[in-house]
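Quick one, structure for this:
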Amino acid sequence: MSTLRSCITARTRQSLSTFLTGSHSALARRWTHTTPPGSPKTSRSVLNREEYRSKHFVENKIELRTRLKGAPYNIARLADLVRQVSDKPGPCEKDLLDNPDYDSLFLGTNEAEVETYYSTQVFPAVAGSRALTRSIRYSLRQETVPNLNSKFKISRPAPDLLYGYKFPGAFSQSQHARLGALGLDTPATTQLHHPPFFPFFPIEFKGESGKLYVAVNQCVGGSVACVHLMEQLKAKLQQHATANNLPNLTNLSNALDTAAFSVAMNGTTAFVFITWRHYGGKEEPHFIMAPVETFTLHSTEDYREFYSMVQNTVSWGAGERLRGIRACLDVVRIEQARGKSVEERRGTGRRGSSSGAATKTAAAAGGHQRRMIEA
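Okay, here's the model as predicted:
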């Protein structure tokens, strides 16, 4: 391990900037950066405060760890999976050192330049993918964030990049119908064209003047939302399995990985995290995020390891994770699921008060319908 890598690893929790500074314009001349209309970034004023972690995280049962040590077996397994050498090795050392854009990253870059370089050189495009879609700076729907405290909310995420599943490509027509019957056919983001379903990999970029502290906080919100969506799917599947005596679906849904990965990075440093749902005592956190690895991107060895981990993460999402969801949906009994979903939406509550009970009883006797309210 290089001296530079050792220095960075020892300072994992610090908000790091570039190690080399100076004027920079190479990428600025070659790349442009645009923000989709109607897709504002999450407010930085709240995310930049220390109380965001001490209050907002704590009040919403979220824990940010500095080590992955002690993680559950399935989480440690996933971390080991993405650490493996990818079958997509990326650029060799010579190609990196001969690339002027790579060198420019260490001379001082803004957020747009960092995003444009890494979103094209490291994070894979999915335009030709049947199953995957990649969202760019679109807000996740507010209901995807499991806020427990109305005063100290987790900010609504709008990741710079977000990988998820494309409809209808990721699922067959019958699987899509089953998701609809379960009431789970709403996309995660507000975008209209190929919005992601069940996302698994949010990425946050920062420039030389940006704070990785903020990027990490943004990753917490995005990855917790990803886990929450998968936990909702898992709960619906298990309810359906119990109601219809489907032990195979119970086993398949129990095996679903609801964890999500995320990346917080600038031009020179990248943090890779994993987030999972924790089930413990009343006072224990509901969600935990911990670092998988930290990379010093000025080291060509680290750069190539980071590239490999990103490819493995996307491959896991498009492979093992997606296969698990599909296998569960294939067992769902659509008519029973549709009937249950309708009942849940209609609810069983009735409007009225004790003072009007006699009147309503008389109306019922006369053949009038009782009024239902939505749950």
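
State the phi and psi torsions of residue 200.
Backbone torsions for residue 200, taken as degrees, to the nearest 10, come to phi -140, psi 0.

For it, give its distance to residue 105.
Remark: distance between residue 200 and residue 105 (C-beta to C-beta, to the nearest Å) = 26 Å. In this view, the C-beta of every residue, glycine as well, is placed from N, C-alpha and C.

Poorly predicted segments of the stretch 251-375 of the chain, please.
Scanning the stretch 251-375 of the chain for pLDDT under 70 picks out the ranges 339-375.

swap the cut-off to 90 and go again
280-284, 334-375 (pLDDT under 90).

how about the strands of it, start to end?
Using DSSP state E, counting those that start in this stretch, the strands of the stretch 251-375 of the chain run over 260-265, 269-277, 287-296.

Point out the most buried one among the ones you listed.
Ranked by mean neighbour count, those are led by strand 260-265 with a mean of 28 (mean count of other C-beta atoms under 10 Å).

Quick one: residues in contact with it.
Contact with strand 260-265 is made by 82, 114, 118, 199-206, 212, 215-216, 218-219, 222-223, 226-227, 230, 270-276, 289, 292, 297, 310, 313, as judged by C-beta atoms under 8 Å, 6 or more residues apart in numbering.

again, but for stretch 63-79
For stretch 63-79, the surrounding residues in contact (C-beta under 8 Å, 6+ apart) are 12-13, 53, 57, 216, 220, 257, 259, 274, 276, 278, 285, 287-292, 316.

excluding its backbone neighbours, what's nearest residue 142?
residue 156 (5.6 Å; C-beta to C-beta, 6 or more residues apart in numbering).

Does the one you found fall in a helix, a strand, or a coil region?
With DSSP: H, G, I helix; E, B strand; the rest coil as the basis, residue 156 sits in coil.

Including distance to residue 332, could the strands of the stretch 251-375 of the chain go into JSON lines?
Converted to JSON lines, the strands of the stretch 251-375 of the chain look like this (distance: least, C-beta to C-beta, whole Å):
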{"stretch": "strand 260-265", "distance to residue 332": "23"}
{"stretch": "strand 269-277", "distance to residue 332": "22"}
{"stretch": "strand 287-296", "distance to residue 332": "27"}
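
do you know which of those lies nearest residue 249?
Nearest of the strands of the stretch 251-375 of the chain to residue 249, taken as C-beta to C-beta: strand 269-277 at 19.3 Å.

any idea where the strands of the stretch 101-250 of the chain begin and end?
Assigned by DSSP E, counting those that start in this stretch, the stretch 101-250 of the chain shows strands spanning 132-135, 161-165, 197-205.

just those strands: most buried one?
Mean neighbours per residue, mean count of other C-beta under 10 Å, is largest over the strands of the stretch 101-250 of the chain for strand 197-205, with a mean of 27.

Next, the angle strand 161-165 makes with it.
Strand 197-205 runs at 160 degrees relative to strand 161-165, counting by axes from the mean of the first three to the mean of the last three C-alpha atoms, to 10 degrees.

For strand 197-205, the averaged confidence score.
Mean pLDDT, strand 197-205: 98.

and the angle from it to strand 269-277?
Compare the direction of strand 197-205 with that of strand 269-277 by the same axes, to 10 degrees and you get 150 degrees.

show me where the stretch 1-150 of the chain has helices.
3-10, 26-30, 44-47, 51, 58-59, 73-83, 93-97, 100-104, 111-121 (DSSP state H, counting those that start in this stretch).

rank those by mean pLDDT and give me the bottom one.
Lowest mean pLDDT of the helices of the stretch 1-150 of the chain: helix 26-30, a mean of 36.

Give the buried residues for the longest helix along the chain.
For the chain, the helix with the greatest residue count under DSSP state H is helix 212-243. For helix 212-243, a neighbour-count test (16 or more other C-beta atoms under 10 Å) marks 212-234, 236-238, 240-241 as buried.

With just CA atoms, put stretch 66-74 into PDB.
Taking Å, rounded to 0.1, in the frame of the first residue of the first chain, the C-alpha atoms of stretch 66-74 are listed here in PDB:
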ATOM      1  CA  THR A  66     -16.700   4.300  10.400                       C
ATOM      2  CA  ARG A  67     -16.000   0.600  10.000                       C
ATOM      3  CA  LEU A  68     -17.700  -2.300   8.400                       C
ATOM      4  CA  LYS A  69     -16.400  -4.600  11.100                       C
ATOM      5  CA  GLY A  70     -19.100  -6.600  12.800                       C
ATOM      6  CA  ALA A  71     -21.600  -6.400   9.900                       C
ATOM      7  CA  PRO A  72     -24.000  -9.300   9.400                       C
ATOM      8  CA  TYR A  73     -22.800 -12.200   7.200                       C
ATOM      9  CA  ASN A  74     -24.900 -11.300   4.200                       C
END
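
can you give me the offset of it from its chain's centre?
Averaging C-alpha positions (C-alpha atoms, centre = their mean, to the nearest Å) puts stretch 66-74 19 Å from its chain's average.
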